[in-house]
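>>> Generate a structure from the sequence data that follows.
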Amino acid sequence: MLFIVASALFRFVGWLYGSVAEDILTGLNIHGRGWKSVVCSPDPLAFLGCAPPTLVSSLTQQKRWADGVLEILFSDKNPLLLTIKGNLWFRQALAYYWICLWGPRSIPELWYASLPAYCIITGSHFLPKINERPIIIHVGIFIIYNAYFF
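Okay, here's the model as predicted:
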């Protein structure tokens, strides 16, 4: 039943090309038109795909995908524009922004990941100590996060 719906959907909408990340562009267009999506989890699993065999080809593919989603962000298929003029929900737009900012997001994440090593080398710290008052913020976030997911 789900296959019939999916085949009918692509018969009317079709795959969109013009970006390396055509799957994201197609999904963004479908959601921008007001279509709903569902999770399909067949048993046994289908469409597992294949991974690149070497590190160089994997890095090339990752760079190509990062360029593709950045192109989508600066095109007329921008999630914010589709929220304003289309039927894209605000939460969907945030999810698409999270995907489209995947490449540039790596720069601050790399700095944040190297921050503990820098603090160990220099003998400084970036989190408040136990006896300082701002530790309440970090402990509160930790407790709320663990209470939410358990």
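
>>> continuing past the helix-or-strand element of the chain with minimal mean pLDDT, what's the next helix or strand?
Lowest on mean pLDDT, DSSP states H and E among the helices and strands of the chain sits helix 2-12, with a mean of 46. Scanning forward in sequence from helix 2-12 by DSSP states H and E, the next helix or strand is helix 22-32.

>>> what does the average pLDDT come to for that next one?
Averaging pLDDT along helix 22-32 gives 85.

>>> Quick check: next helix or strand after that helix?
Counting by DSSP H and E, the element after helix 22-32 in chain order, helix or strand, is helix 55-73.

>>> Point out where the chain drops to low pLDDT.
1-18 (pLDDT under 70).

>>> center of it - which residue?
In the chain, the residue lying closest to the centroid (C-alpha atoms, centre = their mean) is Ile99, at 2.9 Å.

>>> helix, strand or coil for it?
Here Ile99 is helix, with the state taken from DSSP: H, G, I helix; E, B strand; the rest coil.

>>> any idea how far it is from Ser58?
Applying C-beta to C-beta, to the nearest Å, the value for Ile99 to Ser58 is 19 Å. C-betas here are computed from N, CA, C, even on glycine.

>>> Then Trp65?
Distance, Trp65 to Ser58, using C-beta to C-beta: 11 Å.

>>> Next, Ser124: phi, psi?
Dihedral pair for Ser124: phi -100, psi -180, per degrees, to the nearest 10.
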